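>>> Based on what follows, work out the 3D shape:
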Amino acid sequence: MNRLKTTMLLAALTALFLWIGRAIGGQSGMITAFVFALVMNFGAYWFSDKIVLAMYGAKEIGQAEAPELHSVVNSLAQRIGIPLPKVYIIPMGQPNAFATGRNPTHAAVAVTEGILQLLSRDELEGVLGHELGHVVHRDTLISTISATLAGALSMLANMAMWGMMLGGGGSSRDDNRGGHPLVALAGIILAPLAATLIQLAISRSREFLADEAGAEYTGNPMALARALQKIDTIARRRPIVGGSPATAHLFIINPFRGEGLVRLFSTHPPTEERVRRLEDMAMGRN
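Below you'll find the model as predicted:
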């Protein structure tokens, strides 16, 4: 169900992008916007892993420096049947982790110093199983596509708004236009918000899938559930300082504070719901 939901959301995001491109700039505007999105996707797909690792000061660690961490990653990679990913440690006290890389052959897992101090071996194994689930599912590609389309759509709408303010709305006889100028105006205002909500819904769906994968790889859903509860408790009390909220979707728990209405725009589903689903897996109810 989550895979079908992700496919439908990506289709909706693409359709929204094409619709607003046509409504704002006609056929030529739609093509230009689409090419722009492809260029952005290409750059993000090839270089986003290096950028985010550098952003958080992640350091690649060899087996001699972190033997237990490497042991867990190596065991999981062999069990799953993927190449051994590179292993990084982030100099950060908050417990958290993420995976990056464009495919299983070029993957990396990064954990914070805090998570190594907080979790037991089986809990750490659950977390890393979750992250390798993202690698196997190629979630980096999916999240890159959705984030880039949403970002490009917002930039397109912003440029169109300035164009309308400066009187660059074009001829009313342009047969390539998507419709009445009010339709274009509504699209300019609402499309970026809709795109962001769709992108976040995709991210939340992928988190559920990675939880399921981590539980299956380790055979211990409750270890991952305990880890999520521990990480979430500390993240709420001590959100990270620095970094970029645009990278929140990478982490196993959103490291940035967000309560109330802000949770509507969360990149992650509620931890309570994730734990409940893992408990159901442990009880054999799904």
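
>>> Find the nearest non-adjacent residue to D49, please.
Take D49 and drop its neighbours on the chain: the residue closest to it by C-beta to C-beta, 6 or more residues apart in numbering is T100, 4.0 Å away. Bear in mind the C-beta positions are built from the backbone N, C-alpha and C, glycine included.

>>> residues in contact with the one you found?
S48, D49, V52, L53, A107, A108, A110, T140, L250 (C-beta atoms under 8 Å, 6 or more residues apart in numbering).

>>> Compile these into JSON lines and extend it with columns for neighbour count.
Conversion of these to JSON lines gives the following (neighbours: other C-beta atoms under 10 Å):
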{"residue": "S48", "neighbour count": "20"}
{"residue": "D49", "neighbour count": "22"}
{"residue": "V52", "neighbour count": "20"}
{"residue": "L53", "neighbour count": "20"}
{"residue": "A107", "neighbour count": "24"}
{"residue": "A108", "neighbour count": "20"}
{"residue": "A110", "neighbour count": "27"}
{"residue": "T140", "neighbour count": "25"}
{"residue": "L250", "neighbour count": "25"}
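
>>> taking those one by one, which sit in strands?
Among these, the members falling in strands are A108, A110 (criterion: DSSP state E).

>>> From the contacts of T100, pick the one nearest T267.
When the contacts of T100 are compared for distance to T267 (C-beta to C-beta), L250 wins out at 8.6 Å.

>>> in the protein, which spans are strands?
So, for the chain - with DSSP E - the strands run 59-60, 86-90, 97-100, 108-112.

>>> partners of the first one in the sheet?
Strand 59-60 has the following sheet partners, assigned by DSSP bridges: strand 86-90 (antiparallel).

>>> the inter-axis angle of the strand it pairs with versus strand 108-112?
20 degrees (axes from the mean of the first three to the mean of the last three C-alpha atoms, to 10 degrees).

>>> any idea of the mean pLDDT in strand 86-90?
Summarised as a single mean, pLDDT over strand 86-90 is 97.

>>> got it, and stretch 212-229?
Across stretch 212-229, the average pLDDT comes to 97.

>>> ditto for stretch 65-79
With pLDDT averaged residue by residue, stretch 65-79 scores 97.

>>> which residues of the stretch 151-286 of the chain score low on pLDDT?
Screening the stretch 151-286 of the chain residue by residue with the criterion pLDDT under 70, one finds the ranges 151-192, 194-196, 198-199, 257-265, 285-286.

>>> so where do the helices sit in it?
Listed in chain order, the helices of the stretch 151-286 of the chain (DSSP state H, counting those that start in this stretch) span residues 181-218, 221-237, 271-282.

>>> Could you list the buried residues of the second one?
Yep, that's helix 221-237 we're talking about. Neighbour-count burial for helix 221-237 flags 221-228, 230-232, 234-235 (criterion: 16 or more other C-beta atoms under 10 Å).
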